[in-house]
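Engineer: fold the following.
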Amino acid sequence: MRSDLSRPSRGLKLAAGFGILFMHLPLAFIVLYAFTTEEKSYAFPPPGLTLKWFAVVWQRQDIWDAVGLSLKAAAMATALALVLGTLAAGALARFAFFGREPVTLLLILPIALPGIVTGMAMRTAFGVADIPFSFWTIVLGHATFCIVVVYNNAVARLRRLNPSLIEASMDLGGNAFQTFFHVILPNTATALLAGGMLAFALSFDEVIVTTFTAGQQSTLPIWMLSELVRPRQRPVTNVVAVLVIIVTFLPILAAYYLTRGGEAVEGSGK
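Structural biologist: Got it, this is the predicted structure:
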């Protein structure tokens, strides 16, 4: 009798459950201790629960300034990544030329490197070029890995796109811009949107590159690092961490459903 491979074994279920707990249980503790009444201790279970730390965060202007800077930097880095990542994907997916494989490797390398290496490299480059640290150096630093995320989503969708659609558009008199806006973009829109959301989530909570490019400005991850040395600020930091979890979780969840929806549409069309 042939075994049913669609049903995972009990051992596989236990391994998957253990992996999920290992990754997400620490996040659950962060959320729990955002409500604790104790300022310094992480005693379990918490002696009591309260919402006062959320009120404290609401009234802290320095936190909102850091949130605003992180959101603006993430938005600008994502916009830059969408343009450059899409153009790179279009060139590497549709055209064969000498050196394409090395160029592809160099393009995806930043996301494989540790963030501190990228940050140190960019700090050196900015110093050599005599570029002062500012909001735009944060954007450039974050865009280095955001481009990779957008590129990976875009190139995967472009490789599955039927070349006959592009050829038909050209045969019917459509120029490059008309073909892009009426054929390529509608067929890759969900992949680009998913890539943009993932890039935004990664940029919002990135700390290493920001550390080396922010100068005197404080993004949210930098603010959290500076507050961790203050014992009485731990509940406040936990509340801010909950905010980071929410802001990063929602784009990732949306990207997951967009990507899954795109794959379902492609599958139904075969």
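Engineer: grab the most central residue of the chain for me.
Structural biologist: Most central in the chain under C-alpha atoms, centre = their mean is L202, positioned 2.5 Å from the mean C-alpha point.
Engineer: identify the residues contacting that one.
Structural biologist: Neighbouring residues of L202 by C-beta atoms under 8 Å, 6 or more residues apart in numbering: H142, F145, C146, V149. No exception for glycine: its C-beta is placed from N, CA and C like everyone else's.
Engineer: let's see 7 Å
Structural biologist: Going by C-beta atoms under 7 Å, 6 or more residues apart in numbering, L202 touches F145, C146, V149.
Engineer: over to F204?
Structural biologist: By C-beta under 7 Å, 6+ apart, the neighbours of F204 are S70, L71, A74, V247, T248.
Engineer: elements contacting whatever helix or strand the third one lives in?
Structural biologist: Taking DSSP states H and E as the definition, A74 sits inside helix 61-94. The criterion is 3 or more C-beta pairs under 7 Å, 6 or more residues apart in numbering; DSSP states H and E, and the helices and strands that helix 61-94 contacts are helix 100-112, helix 135-160, helix 185-204, helix 220-227.
Engineer: quick one, which of those gets closest to M122.
Structural biologist: With C-beta to C-beta, the closest approach to M122 among these belongs to helix 135-160: 5.2 Å.
Engineer: mind listing what's buried in that closest one?
Structural biologist: 135, 137-158 (16 or more other C-beta atoms under 10 Å).
Engineer: helix or strand for F98, which one?
Structural biologist: Per DSSP H and E, there is no helix or strand for F98.
Engineer: any idea how far stretch 108-121 is from the chain center?
Structural biologist: 15 Å (C-alpha atoms, centre = their mean, to the nearest Å).
Engineer: quick one: average pLDDT of it?
Structural biologist: Average pLDDT, stretch 108-121: 77.
Engineer: got the buried residues for that stretch?
Structural biologist: Judged by neighbour count (16+ other C-beta under 10 Å), stretch 108-121 contains these buried residues: P110, I111, G115, T118, G119, A121.
Engineer: ok, the fourth one to T248 distance?
Structural biologist: As defined by C-beta to C-beta, to the nearest Å, T118 lies at a distance of 19 Å from T248.
Engineer: what's the burial count for the residue lying closest to Q178 once chain neighbours are set aside?
Structural biologist: Of all residues not flanking Q178 in the chain, S169 sits nearest, at 7.0 Å (C-beta to C-beta, 6 or more residues apart in numbering). Look at S169: counted by other C-beta atoms under 10 Å, it has 18 neighbours.
Engineer: in terms of contact, does S169 touch V183 like I think?
Structural biologist: Yes. Using C-beta atoms under 7 Å, S169 is in contact with V183, at 4.8 Å.
Engineer: would you mind measuring from the residue nearest to Y151 when sequence neighbours are not counted to P132?
Structural biologist: Once flanking residues are discounted, Y151 sits nearest to G85: 4.2 Å by C-beta to C-beta, 6+ apart. Computed as C-beta to C-beta, the G85 to P132 distance reads 27 Å.
Engineer: please consider this matter closed, and thank you.
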